[in-house]
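Visitor: give me a model of this one.
(one chain, ligands or ions: 1)
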Amino acid sequence: MAHMVQDELDVIDAIELPAPGVHRRGHLRFSHPMLADWAWPYTVIRGAEDGPHVAVTSGVHPAEYPAIEANIRFARDLDPRQLRGTVVSLPLVDVPAFLDRTPFVCPIDAKNPNRFMPGSPDGTFTEVMNDAIFRSVMSRADALVDLHGGDMVEALVPFTIYATGADDEIDANSRAMGLAYGLPYLVASSPVAGGSGGTTIRAAADAGIPAILTEAGACGLLTEPETQQHEAGIANVLRHLGMLDGDPTPPLTPILELARMTAVPAPAEGMWYPSVVVGDPVREGERIGHIGSIFGDTLAELASPSDGYVLYITSSPAMRAGGLTLVIGS
Ligand SMILES: [Zn+2]
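Guide: A predicted model of the protein is given here:
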């Protein structure tokens, strides 16, 4: 059997598609002067046959290593001869944060890239970077899979989120991709006043692109089962879209669909002691933890705001007043 055809090409501002059947890697750079010192490794796999164009991103948050590793492996191993359509892989969206290991935020301007999508060419570094990446990678795709997990101080149970409220067809396509990905929980995130906008999936849905944000892995650890969960999920989405042969692997347990996520803020500054673990079912009013002072006194008890499941918990005890303690999916 012939070898996979591979080439390399460094590009500026846009990823040029190779000929059908070619696996290409290189560095993506941008002409915006603020981004001049940086380069983003990319891989593009152009299938031998035509089909949809899917962008697979990770490293929007820097220490979500199973997500990053799955993207690296999947892009490296995807054979264009097996593929219908095109996959563009960008394993590190926030390259400066990856190198500096700054949880959640870009070290250059301390902004969380997943609150400033689709970015702006006139903002600070994160907004400029987002704008460049959204235009060159995300906006060109027919579908977006944005891989995440728990950053350095986050424990979580694997789940997928999709953004609703764009239009019914895009919502339905995003939901179907989320079901295909196969993680145990699937959350529909509707736009809420005062909620966290500017996410990759919200920006994609607003641009007419079905999108999912997938979470597996925790606490800044590179773990093999979660890496494989992500790899299987990407393959399942491509099967669902008809880009790879076969059907998505059915999940081991039925996927539980949830309609919203509620963040529980810390009522006081101090030490955070959760009394639940990720995946626990909780009832409204049930005790979920407490905040202690640095003298060891209890400052506040926390109760669940609703019935649901604990999707993620801040695993670090260090807590500001108003900081995120955990998130309930209901
Ligand atoms: Zn993340």
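
Visitor: okay, how far is it across stretch 240-257, tip to tip?
Guide: Start and end residues of stretch 240-257 are separated by 19 Å (CA to CA, to the nearest Å).

Visitor: separation between the closest residue to the ion within the stretch 151-300 of the chain and residue 327?
Guide: Closest residue of the stretch 151-300 of the chain to the ion, CB to the ion: residue 151 (5.8 Å). Heads up, the C-betas are built off the backbone N, CA and C, glycines and all. For residue 151, the distance to residue 327 equals 13 Å [CB to CB, to the nearest Å].

Visitor: also residue 231?
Guide: Taking CB to CB, one finds residue 231 at 25 Å from residue 327.

Visitor: got it, and residue 183?
Guide: For residue 183, the distance to residue 327 - CB to CB - is 15 Å.

Visitor: surely residue 133 is in a strand?
Guide: No - read with DSSP: H, G, I helix; E, B strand; the rest coil, residue 133 is helix and lies in no strand.

Visitor: residues near it, how many?
Guide: 26 (other CB atoms under 10 Å).

Visitor: so it touches residue 93, yeah?
Guide: Yes - in terms of CB atoms under 8 Å, residue 133 counts as a neighbour of residue 93; the distance is 5.9 Å.

Visitor: what touches both of these two?
Guide: 40, 57 (CB atoms under 8 Å, 6 or more residues apart in numbering).

Visitor: can you pull the residues of this structure lying near the ion?
Guide: Neighbours of the ion within the chain, by CB under 5 Å from the ion: 61, 148.

Visitor: mind listing the helices for the chain?
Guide: 65-77, 95-100, 125-133, 168-181, 200-206, 224-240 (DSSP state H).

Visitor: circling back to that earlier point, quick check: the residue of the stretch 151-300 of the chain closest to the ion touching residue 63?
Guide: Yes - counting by CB under 8 Å, residue 63 is a contact partner of residue 151 at 4.9 Å.

Visitor: anything in contact with each of these two?
Guide: 103, 220.

Visitor: only the buried residues of stretch 278-287, if you could.
Guide: Burial within stretch 278-287, assessed by neighbour count using 16 or more other CB atoms under 10 Å, is assigned to 278-280, 282.

Visitor: tell me the one of these nearest residue 288?
Guide: residue 282 (6.2 Å; CB to CB).

Visitor: so who does that closest one touch?
Guide: Per CB under 8 Å, 6+ apart, neighbours of residue 282: 276, 288, 304, 307-310, 328.

Visitor: now do 6 Å
Guide: residue 304 (CB atoms under 6 Å, 6 or more residues apart in numbering).

Visitor: what's across from it in the sheet?
Guide: Residue 282 has the following beta-bridge partners by DSSP bridges: residue 308.

Visitor: mind checking pLDDT for it?
Guide: We have a pLDDT of 98 for residue 282.

Visitor: got the CA coordinates for stretch 183-191 in CSV?
Guide: Extracted C-alpha coordinates of stretch 183-191, given in CSV (Å, rounded to 0.1, in the frame of the first residue of the first chain):
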residue,chain,number,x,y,z
LEU,A,183,-19.6,11.9,26.7
PRO,A,184,-22.1,11.0,29.6
TYR,A,185,-23.7,14.5,29.9
LEU,A,186,-24.8,16.9,27.1
VAL,A,187,-25.7,20.4,28.2
ALA,A,188,-27.7,22.9,26.0
SER,A,189,-26.3,26.4,26.8
SER,A,190,-28.9,29.1,26.0
PRO,A,191,-27.9,32.8,25.9
